[in-house]
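Novice: Predicted model, plus sequence, below.
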Amino acid sequence: MAEISSTLLYSAFIIYLFSTLFFAMSISDKKNKDAAHTKKWGKVGFISSCIGFVSQVGYFITRWMASGHAPVSNLFEFTTFFGMMMVLAFIILYAIYRTNGLGVFAMPVALLVIAYASMFPRDISPLIPALQSDWLKIHVTTAALGEGILAISFVSGLIYLIRTVDQSVSSKKTMWLEIILYSLISVVGFIVVSLAFKGAGYQSAFEIMNDQNQPVKIVYEMPVIAGPADGKQLDDSFGPLFSTPSWMNGVNASIKLNTFIWSLLSGVILYGLLRLILRKRISAALQTKVNMNSDLLDEISYRAVAIGFPIFTLGALIFAMIWAQQAWSRFWGWDPKEVWALITFLFYAAYLHLRLSRGWHGEKSAWLCVLGFWIITFNLIAVNLVLVGLHSYA
Amino acid sequence: MMQTITCECGHSNPYGTSLCQACGKPLTQDVEVLSSMRYEGSARRSQTYNKTFVDHVWNFFSSVKVGVWLIVIILVAAAIGTIFPQETFIPPNVDPATHYESEYGTLGLIYYLLGFHNLYGSWWFIILLGMLGLSIIVASLDRGIPLYKALKQQRVTRHDQFMKNQRLFSVSKDVEMEEVKYTLESLRYKVREENGNIFAEKGRFSRWGAYVNHVGLIIFLTGAMLRFFPGMYVDDILWVREGEKASIPGTATDEGQYYLENNEFILEMYDKEEKKFNSALSSVDGEVAKNYQSNVTLYKTKPDHTVGEDPELVKVKDGEIRVNEPFKFDSFALYQTDFKLNEFYKMSFELEEKESGKKFGKLTVDLHDPKQEYDLGNGYKVKIEEYFPNFILDEQNEPSTVNNLPDNPAFVFSMYSPETPKGEKAFVGIQKNIESGENQFKMSFAGIETKDLTALTVRKDHTLWIIALGGLIFMIGVTQGLYWNYRRIWIKQNQDEVWAAAHTNKNWYGLKKDVEFLSNKTSLIPLEEKE
């Protein structure tokens, strides 16, 4: 059953890849700008993303059957599910607005999320007592669906910015747009580097002192740039170039920092290569390909927030509070994950209020949607990996 | 209100109104119709009065801009609170004054000095939340009530200026009004007619969504504040040893006091051999917990019991407490929170003659309640001169105890025998035996009994239902406001022309599809969008 599950996830990934290509074809063919061409490839793209989604639902169900609990209990499972919810959110919004351009950007972002997820340990792990509750599936799935829909507002906002930011001169706006694209490219870099070093079987071991002052061995799977704060290298492999600051004391903080540095470096290389090939800013190159009505993009990104916000609130705050009351005897405890869910809530609440006033539609709104997605990913990843709290089980 | 404005249509509007409630005519020259539509050009207090102190306070808190700033400030403050762990998350036995600096350096010290280690309970954070609450109340009253009145008073026939200044507008000729009416009804609009004119509306209730969700938020915040009233909230921790009974804190009433007996504490680990989880479990050091459970029995005293007496207990019920499965009685709930395995419970010693190795009796010390003297018969006895449950050498190098928990018990014994009637002293601890002189006898270790402890959180929270109600109302309001929208279409016969205008508070895309459908099905000229 577990093998069937992996196969289904893998095929979903491939189908999403094709659906991205189909959507790209629907907007790219210059000779064939007629509506029939666009409509045909848009339809093929949409149907294939639906098929991919069904395949991923199959992964979800079979993994559930294999493990005996809803597969949303560790970072691999949750992040994969988040990607799946992004696809679902895209399907919903495509059904309303029928915009092929949205697919060209939404599907790759979902692909990145799923590929990123698969870099975490994929073993089926047992549930610790705190997670043994029906609220696990209710809370996590609803929160992920809300976040998936909010992510589409980011995608739509990003296309808006690519479409409208003036690329004839270099400005702060073009710089930030490049930074956003660079961050997405760095995720690709992370995946490439992880796969490469894992494939090569690279390892470098250190001995460090744990909290109880006992020596433990930690193993890096990439060449060590950032060594542990106070550790002894056990082999003569590369590095470290410097030590991780001692205040970064999450679980395996130095390994994570090292991986992060590798992601950024590989991102720089990939980004640089792209710039060399394109001979202009990436957002400028994309701008020539994107030909969507900016009002519609603004509308989609607002609509995504309007749909996603109540679902996010229900899943990430209300269901979370009900579960917290049951598991930890208090519905609210200012745990970092809780606080960042509140921050996400407050951020989108501010966004919805700003939409009431003039001057906040269009571009400003689009920047806000980008910032909102940054907050969501920070809560997804950094709070689990960097900050220490009740949710750092992964 | 001090004066009213009568519109040419005959409707009398409250002072401060900019668009007539009935016909929508701009009541002064400089009114821009479209931008006034958000609140129907209604008479909002904040837009009308600006003289007294109360006016200024009202106007400040009614502003959406102020509200957004408050949200943003709270957001940033909340984020700052996650940079380093809050005081509640640092180890319980460390001094925060030194902990933050030693763990996080200068930044940690600054964090501590600014009070950020207890940010969410700080006076300024509470004040910010209070200001946000006030802003929610004032802004809702300022807009909600006049908006309600304006939407209630609106008439079918609208003023020409109102019509032609809408974002979607068209002028047609020869329109079959019955057809228009029929089409609008087929789109599920509620259609009203007056003098041959049509007013169609859909989803008016969604306009109340914002106010409903704000009411929910206020109820929620009120519930959160009620916690600080006595009697509403109990939060305590109860440690009980296996096989023992303890009174449950906070449960004493005239009816009696509850007691809890810990029959057994169970700790289960996942089996590493289990096939399903094999690869995950083999990659972690140590074991992964499967279940923390306390099997308990609840007792209650008789109502007439006096404090201090050994109470007569009546069994109420048995129960099992697991993580995620609290044990409930009356308005209380007990949660599995912590445990301690193998706490020292009883320690046994034998009195032994050092040279011969001969033993003269055994004594067992209850580490929670040691006796002063143990008579071993035949003239042999042992006295406990001093007892240190959790032994430590203090700063003066004197023996002392950290607390009353027998984690590292140590004793000063006096050993008496017919040969040594004056007694011999010895200091005995774990792997320690120090004698004051050359003793003939010694206390030899003869075994230890341990017990498991369970820690349960005792909780009563009478504010929960208020908070739940607030959350429910918030969800209803936010859904009704965001998942529906208020669409209106006006059709007016103007001599031989037919004017059509449309407005929605959000989702213009949906409204445009509606009017497109309308003009396709009827002879109405498609409504055009104004820039």
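Specialist: Structure received.
Novice: which parts of the helix or strand harbouring residue B:236 are buried?
Specialist: Assigned by DSSP states H and E, residue B:236 belongs to strand B:233-241. Neighbour counts using 16 or more other C-beta atoms under 10 Å in any protein chain shown place B:233, B:234, B:238, B:239, B:240, B:241 of strand B:233-241 among the buried residues. Where you see a C-beta, it was placed from the backbone N, CA and C, and this is true even at glycine.
Novice: Kindly state the beta-bridge partners for the second one.
Specialist: When bridges are taken as DSSP bridges, the partners of residue B:234 come out as residue B:460.
Novice: what do you get for the fourth one?
Specialist: On the basis of DSSP bridges, residue B:239 is bridged to residue B:455.
Novice: Distance check, it against residue A:160.
Specialist: Distance from residue B:239 to residue A:160, counting by C-beta to C-beta, to the nearest Å: 58 Å.
Novice: Repeat that for the third one.
Specialist: For residue B:238, the distance to residue A:160 under the criterion C-beta to C-beta works out to 57 Å.
Novice: where exactly do the strands run in the stretch 201-350 of chain A?
Specialist: With DSSP state E, counting those that start in this stretch as the criterion, the stretch 201-350 of chain A has strands at A:204-209, A:215-220, A:226-227, A:231-233, A:242-243.
Novice: same deal with the stretch 251-400 of chain B?
Specialist: In the stretch 251-400 of chain B, strands defined by DSSP E, counting those that start in this stretch lie at B:258-269, B:289-301, B:313-322, B:327-329, B:332-353, B:359-366, B:373-377, B:380-388, B:391-393, B:399-401, listed in chain order.
Novice: hmm, back to that, for chain B, which of the strands of the stretch 201-350 of chain A is the nearest?
Specialist: strand A:215-220 (8.1 Å; C-beta to the nearest C-beta).
Novice: Parallel or antiparallel, which strands does that closest one pair with?
Specialist: In the sheet, strand A:215-220 lines up against strand A:204-209 (antiparallel) (DSSP bridges).
Novice: distance between the partner strand and the chain's centre?
Specialist: Centre-to-centre, strand A:204-209 and its host chain are 31 Å apart (C-alpha atoms, centre = their mean, to the nearest Å).
Novice: pLDDT on that strand, on average?
Specialist: Average pLDDT, strand A:204-209: 84.
Novice: one step back: most neighbours per residue, which of the strands of the stretch 201-350 of chain A?
Specialist: strand A:226-227 (a mean of 24; mean count of other C-beta atoms under 10 Å in any protein chain shown).
Novice: Give the other helices and strands that that one contacts.
Specialist: With contacts taken as 3 or more C-beta pairs under 8 Å, 6 or more residues apart in numbering or on different chains; DSSP states H and E, strand A:226-227 sits against strand A:242-243, helix A:253-278.
Novice: Run through the helices of the stretch 101-250 of chain A in chain order.
Specialist: A:134-164, A:172-200 (DSSP state H, counting those that start in this stretch).
Novice: Please name whichever of the ones you listed is nearest to chain B.
Specialist: Per C-beta to the nearest C-beta, nearest to chain B of those: helix A:134-164, 7.9 Å.
Novice: Buried residues, the closest one. List them.
Specialist: Residues of helix A:134-164 classed as buried: A:135-136, A:138-164 (neighbour count, 16+ other C-beta under 10 Å).
Novice: Repeat that for stretch B:251-264.
Specialist: For stretch B:251-264, by 16+ other C-beta under 10 Å, it's B:251, B:256, B:257, B:258, B:259, B:260, B:261, B:262, B:263.
Novice: Next, the buried residues of stretch B:322-336.
Specialist: Neighbour counts over stretch B:322-336 (16+ other C-beta under 10 Å) mark B:322, B:323, B:324, B:325, B:326, B:327, B:329, B:332, B:333, B:334, B:335, B:336 as buried.
Novice: Would you confirm that the third one contacts residue A:127?
Specialist: No - under the criterion of C-beta atoms under 8 Å, residue B:324 lies out of contact with residue A:127, with a separation of 10.2 Å.
Novice: What number of neighbouring residues does residue B:448 come out with?
Specialist: Residue B:448: 16 surrounding residues under other C-beta atoms under 10 Å in any protein chain shown.
Novice: Which of the three states applies to it?
Specialist: With DSSP: H, G, I helix; E, B strand; the rest coil as the basis, residue B:448 sits in strand.
Novice: repeat for the one 3 residues further on
Specialist: The local conformation at residue B:451, judged by three-state DSSP, is strand.
Novice: Run a quick neighbour tally on it.
Specialist: When neighbours are counted by other C-beta under 10 Å, residue B:451 registers 19.
Novice: in the sheet, who's paired with it?
Specialist: Listed beta-bridge partners, residue B:451: residue B:343 (assigned using DSSP bridges).
Novice: OK, contacts around it?
Specialist: By C-beta atoms under 8 Å, 6 or more residues apart in numbering or on different chains, residue B:451 lies in contact with B:241, B:242, B:243, B:342, B:343, B:345.
Novice: ok, the last one touching residue B:450?
Specialist: Yes - applying C-beta under 8 Å, one finds residue B:345 in contact with residue B:450, separated by 5.5 Å.
Novice: These two: which is more packed in?
Specialist: Under the criterion of other C-beta under 10 Å, the comparison of residue B:345 against residue B:450 puts residue B:345 first, with 20 against 14.
Novice: What's the separation between the more buried one and chain A?
Specialist: Residue B:345 sits at a distance of 25 Å from chain A (criterion: C-beta to the nearest C-beta, to the nearest Å).
Novice: Which residue, neighbours along the chain excluded, lies closest to that residue?
Specialist: The shortest distance from residue B:345 to any non-neighbouring residue, by C-beta to C-beta, 6 or more residues apart in numbering or on different chains, is to residue B:451 (4.3 Å).
Novice: For residue B:405, see how far away the one you found is.
Specialist: In terms of C-beta to C-beta, residue B:451 sits 12 Å off from residue B:405.
Novice: circling back: tell me what the helix or strand just after the strand holding residue B:236 is packed against?
Specialist: Next along the chain after strand B:233-241, taking DSSP H and E as the criterion, comes strand B:245-247. On a contact count with 3+ C-beta pairs under 8 Å, 6+ apart, strand B:245-247 meets strand B:233-241, strand B:258-269.
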